[in-house]
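Asks: structure of the sequence below:
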Amino acid sequence: MGSGRITDLHALAGARPVLPQYNSFVTRVCAVVVTRNRKDLLRQCLRSVLAQARPVDRILVVDNASTDGTGEMLDAEFVRFAELGILARLNLRENAGGAGGVGAGMRWAHCNNTTGRG
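Replies: Prediction:
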C-alpha cells in the first residue's frame with residue numbers, strides 16, 4: 001500500500017501537507033524549557049539547544065519551583081547567555097506541572113515579543 005511514511009498518510013487522506021515558509025530574517029525562535037529539580041538534565045538540554053544548527057533567538061527556562069539548586073546552577077554556568085539576552089528565566093512560585101509550565105512559558109514568550117514577526 002505504501003511505505004508507511006507520513007507522506008503516505010497525507011496521500012491516503014487526499015491532502016497535501018502544507019509546510020510553513022520560514023524566513024530567517026523575520027522568524028524568531030524562543031525555546032521554552034520547563035524544569036523542576038532536574039538541574040543536571042537541564043544543563044545537558046541547554047547545551048544541546050545552544051549547539052544546534054539553527055541558533056535560537058532566546059531560551060526561556062521555566063523553573064517549576066525547583067529546590068535542587070537549579071537557579072544557582074544557571075547563575076554560575078549560563079550567566080554569559082543571560083547577559084547577552086539569550087537566556088531568560090521564569091520562576092514559578094509553585095509547581096504548575098509540565099503543561100502549566102509550558103503554558104506560562106508560551107504566554108511569557110508571546111508577551112515579550114520573542115516569537116513570530118514584529
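Asks: list the contacts of stretch 75-87.
Replies: Where contact means C-beta atoms under 8 Å, 6 or more residues apart in numbering, the residues beyond stretch 75-87 that reach it are 43, 46, 50, 56-59, 61, 74, 88-89. C-betas here are computed from N, CA, C, even on glycine.
Asks: would you turn those into JSON lines with pLDDT and distance to H110?
Replies: As requested, the contacts of stretch 75-87 are arranged in JSON lines below (pLDDT from 0 to 100; distance: C-beta to C-beta, whole Å):
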{"residue": "R43", "pLDDT": "98", "distance to H110": "27"}
{"residue": "L46", "pLDDT": "97", "distance to H110": "21"}
{"residue": "L50", "pLDDT": "95", "distance to H110": "22"}
{"residue": "V56", "pLDDT": "91", "distance to H110": "16"}
{"residue": "D57", "pLDDT": "92", "distance to H110": "14"}
{"residue": "R58", "pLDDT": "95", "distance to H110": "12"}
{"residue": "I59", "pLDDT": "97", "distance to H110": "15"}
{"residue": "V61", "pLDDT": "98", "distance to H110": "17"}
{"residue": "L74", "pLDDT": "97", "distance to H110": "22"}
{"residue": "A88", "pLDDT": "96", "distance to H110": "13"}
{"residue": "R89", "pLDDT": "97", "distance to H110": "17"}
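Asks: in strands only, show me these.
Replies: 58-59, 61, 88-89 (DSSP state E).
Asks: who wins on neighbours among those?
Replies: Counting by other C-beta atoms under 10 Å, V61 has the largest number of neighbours within the ones in strands among the contacts of stretch 75-87, with 25 neighbours.
Asks: which stretches of the chain have low pLDDT?
Replies: Residues of the chain meeting the criterion pLDDT under 70: 1-26, 114-118.
Asks: any idea how far the residue nearest to the spatial centre of the chain lies from E94?
Replies: The residue at the geometric middle of the chain, judged as the C-alpha nearest the mean C-alpha position with C-alpha atoms, centre = their mean, is A31 (2.1 Å). In this structure, A31 and E94 are separated by 23 Å, where distance is defined by C-beta to C-beta, to the nearest Å.
Asks: which outside residues touch the helix or strand R107 falls within?
Replies: R107 belongs to helix 97-111 when elements are defined using DSSP states H and E. Judged by C-beta under 8 Å, 6+ apart, the contacts made with helix 97-111 from elsewhere in the structure are 30, 32-36, 58, 60, 62, 64, 88, 90, 92, 96, 115-116.
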